[in-house]
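Student: Could you look at this predicted model? Sequence included:
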Amino acid sequence: MNRRDFSKLVLTSGVALLAPGAALRAAEAAPEPQQSPAEKFDLLIEGGTVIDPGQNLNGAMDVAVHQGKILEVSKNIAKDRAAKIVSAKDRIVTPGFIDLHAHCYDGLGIGMNADRSCLSRGVTTMVDAGSAGYVAFPNFKKYIINTSNTRIAALVHINAIGTMMFDGGMANLSWVDPKLTAKMAMDNRPITVGIKIQLSKAITGPNDMEGLRRAIEAGKIAGLPVMVHIDEPYSPLPDILNLLRKGDVFTHCYNNHTHGILDANGKIIPEAKEARARGVIFDPAQGQTHLSFDVAEKCLQQDFLPDTISTDLTAVTVERRVFDLPTMVGKFLALGIPLEKAIGMVTANAARVFDYGAQIGSLRPDNEADISIFELRDGKFDFEDSDGVKRTGRQALVNKAVVRHGQVIVNAV
């Protein structure tokens with residue numbers, strides 16, 4: 001089966017993952033009795049190599065799960081305590097991956113299906129990056145978020161409609177209302193985790209700075225960060241970066257278009273370094289047009305690594321060049337980022353960017369039992385940036401199974 005097809009999912013523990021997403025959320029809300037070490041638990045993942053950068057773990061360990069939570073991570077957990085055992089022999093076991101930037105308003109615009117393209121690839125949590133603004137968000141929540149098994153957090157777009165509108169989407173500033181945007185975000189916490197704006201001249205025209213000021217105002221009202229798509233903006237990048245606050249996100253940071261992160265000599269502009277110093281998050285999010293290997297390599301050579309790795313996954317990019325988050329991790333492995341650091345960028349680091357209303361991104365006891373099991377393949381793997389430029393890597397991650405809130409599915413691809 002082609003990796004681009006929907007993975008065959010074989011349920012191996014319970015039935016909640018085949019039911020609507022509300023079934024998982026009901027399970028998440030259920031109280032959990034305290035367990036003593038001698039008591040039984042639901043699931044044991046045994047024999048794998050646990051890589052959990054959030055706890056500085058990298059070694060042979062087992063993972064015990066009970067009632068949708070991590071119970072224990074240690075060596076040689078007694079098998080007779082487990083109701084079900086999953087072997088992770090010769091596999092890597094990580095916290096469930098978190099994709100910080102994707103679009104899943106399936107059926108509208110370029111939205112992809114989160115369960116098909118995220119959960120089946122080892123991504124247990126994804127952040128929808130502004131598919132819906134304050135007008136469109138209620139239906140997005142009702143028909144997509146509430147019916148998905150992937151944990152979907154959402155950014156409310158400062159444009160009333162959202163990313164369903166592209167060119168000219170911010171030409172009419174009467175649709176850019178910080179108070180209504182903030183109210184929608186506040187009324188839908190913890191699903192909503194931030195505000196989104198796109199700063200590209202085709203979208204904003206000359207309104208980019210005013211739009212950004214309104215997005216930041218919405219963020220201040222709601223007490224939430226702003227994710228800023230910056231690629232070929234109307235205004236110079238230094239002007240934009242100077243407005244960003246601690247915790248705001250510069251997504252598409254390694255694009256090679258006008259007003260980019262590098263100066264004419266290939267050096268990182270001072271305003272980018274200043275933004276990082278005050279706590280702005282830098283995220284690559286390839287999408288269709290936003291990642292240049294040349295720019296990324298020059299930034300890495302200057303020790304300007306991304307804080308996170310994400311995809312900007314859509315119905316288009318699941319089919320070409322991006323494919324999924326493990327593929328994006330593979331690209332940064334090919335660029336020289338060590339495996340453990342790259343995994344940290346899609347687990348512990350990504351978990352710190354937003355308040356998801358759940359403890360994710362690490363396999364600490366009492367955290368959500370969102371877990372990914374990967375095969376780490378060695379060989380020669382060609383990866384492409386947004387211009388089709390190739391880099392060859394020596395390792396690739398292929399998801400073999402995923403646990404979402406304690407429920408196991410096996411990826412048969």
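Tutor: The structure has been received and is ready for your questions. This one's a predicted model, so the numbers in the text were calculated from it and none came from an experiment.

Student: distance of Ile309 from Pro326?
Tutor: As for Ile309, its distance to Pro326 is 10 Å (criterion: C-beta to C-beta, to the nearest Å). Just so you know, the C-beta spots here come from the backbone N, C-alpha and C atoms, and that holds for glycine as well.

Student: what about those two, which has more around it?
Tutor: Taking neighbours as other C-beta atoms under 10 Å, Ile309 and Pro326 compare with Ile309 leading, 28 against 20.

Student: and the lengthiest helix in the chain, what other elements does it pack with?
Tutor: Criterion DSSP state H: the longest helix present in the chain is helix 208-222. Judged by 3 or more C-beta pairs under 8 Å, 6 or more residues apart in numbering; DSSP states H and E, helix 208-222 is in contact with helix 178-187, strand 192-199, strand 226-230, helix 237-241.

Student: ok, now which ones touch the nearest residue to Arg377 once chain neighbours are set aside?
Tutor: Leaving out its chain neighbours, the residue that sits closest to Arg377 by C-beta to C-beta, 6 or more residues apart in numbering is Ala396, at 4.9 Å. Residues near Ala396 by C-beta atoms under 8 Å, 6 or more residues apart in numbering: Pro326, Thr327, Gly330, Leu376, Arg377, Gly379, Phe381.

Student: partner residues bridging the fourth one?
Tutor: For Leu376, the beta-bridge partners under DSSP bridges are Leu397.

Student: So what's the predicted local confidence for it?
Tutor: pLDDT recorded at Leu376 is 98.

Student: Could I get the full set of helices for this protein?
Tutor: 21-29, 114-117, 137-143, 178-187, 201-204, 208-222, 237-241, 270-277, 293-301, 325-334, 339-345, 348-353.

Student: As a markdown table, those helices with distance to Ala401 and mean pLDDT would be great.
Tutor: Shown next, in a markdown table, are those (distance: least, C-beta to C-beta, whole Å; pLDDT from 0 to 100):
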| stretch | distance to Ala401 | mean pLDDT |
| --- | --- | --- |
| helix 21-29 | 17 | 51 |
| helix 114-117 | 15 | 96 |
| helix 137-143 | 28 | 97 |
| helix 178-187 | 34 | 98 |
| helix 201-204 | 39 | 87 |
| helix 208-222 | 37 | 97 |
| helix 237-241 | 41 | 98 |
| helix 270-277 | 36 | 98 |
| helix 293-301 | 30 | 98 |
| helix 325-334 | 13 | 98 |
| helix 339-345 | 16 | 98 |
| helix 348-353 | 20 | 98 |
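
Student: Quick one: closest of those to Leu363.
Tutor: helix 348-353 (10.3 Å; C-beta to C-beta).

Student: Give me the contact list for the closest one.
Tutor: Surrounding helix 348-353, the residues in contact under the criterion C-beta under 8 Å, 6+ apart are 52-54, 95, 98-100, 225, 247, 249, 281, 307-308, 310, 360-362.

Student: just to revisit the earlier point, make a markdown table from the helices of the chain and add distance to Leu262 to it.
Tutor: Formatted as a markdown table, those follow (distance: least, C-beta to C-beta, whole Å):
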| stretch | distance to Leu262 |
| --- | --- |
| helix 21-29 | 42 |
| helix 114-117 | 31 |
| helix 137-143 | 36 |
| helix 178-187 | 32 |
| helix 201-204 | 19 |
| helix 208-222 | 20 |
| helix 237-241 | 10 |
| helix 270-277 | 9 |
| helix 293-301 | 6 |
| helix 325-334 | 18 |
| helix 339-345 | 21 |
| helix 348-353 | 23 |
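
Student: Which residues are in contact with Ile77?
Tutor: Contacts of Ile77 by C-beta under 8 Å, 6+ apart are Leu44, Glu46, Asp62, Ala64.

Student: mind redoing it with 6 Å?
Tutor: When contacts are counted by C-beta atoms under 6 Å, 6 or more residues apart in numbering, Ile77 touches Asp62, Ala64.

Student: again, but for Ile343
Tutor: Ile343 makes contact with Ile51, Pro53, Thr94, according to C-beta under 6 Å, 6+ apart.

Student: So for the last one, what's the pLDDT?
Tutor: Per-residue confidence (pLDDT) for Thr94: 98.

Student: right, and it touches Ile373 too?
Tutor: No: the criterion here is C-beta atoms under 6 Å, and Thr94 misses it with Ile373 at 8.0 Å.

Student: of those two, who's got more company?
Tutor: In this view Thr94 and Ile373 are compared by other C-beta under 10 Å, and Thr94 has more residues nearby, 27 against 23.

Student: residues contacting that one?
Tutor: By C-beta under 6 Å, 6+ apart, the contact list for Thr94 reads Ile51, Ile343, Ser372.

Student: Mind giving me the PyMOL command for buried ones among the contacts of Ala396?
Tutor: Selecting only the buried entries of the contacts of Ala396 in PyMOL, with 16 or more other C-beta atoms under 10 Å as the criterion:
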select buried, resi 326+327+330+376+381
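
Student: of all the contacts of Ala396, which comes closest to Glu210?
Tutor: Thr327 (36.9 Å).

Student: any idea how far Lys79 is from Ile85?
Tutor: 6 Å.

Student: These two - which one has more neighbours?
Tutor: The neighbour count for Ile85 versus Lys79, taken as other C-beta under 10 Å, is higher for Ile85 (14 against 10).

Student: Contact partners for that one?
Tutor: Contacts of Ile85 (C-beta under 6 Å, 6+ apart): Leu44.

Student: now do Asp128
Tutor: Cys104, Ile152, Ala154.

Student: Would you mind measuring from the second one to Phe282?
Tutor: Distance, Ile152 to Phe282, by C-beta to C-beta: 23 Å.

Student: Those two: which is more packed in?
Tutor: Ile152 (23 against 20).

Student: Please identify the nearest residue in space to that one, excluding sequence neighbours.
Tutor: Ile145 (4.7 Å).

Student: count of neighbours near the one you found?
Tutor: Ile145, neighbours per other C-beta under 10 Å, totals 24.

Student: Pull up the per-residue confidence for it.
Tutor: The model's pLDDT for Ile145 equals 98.
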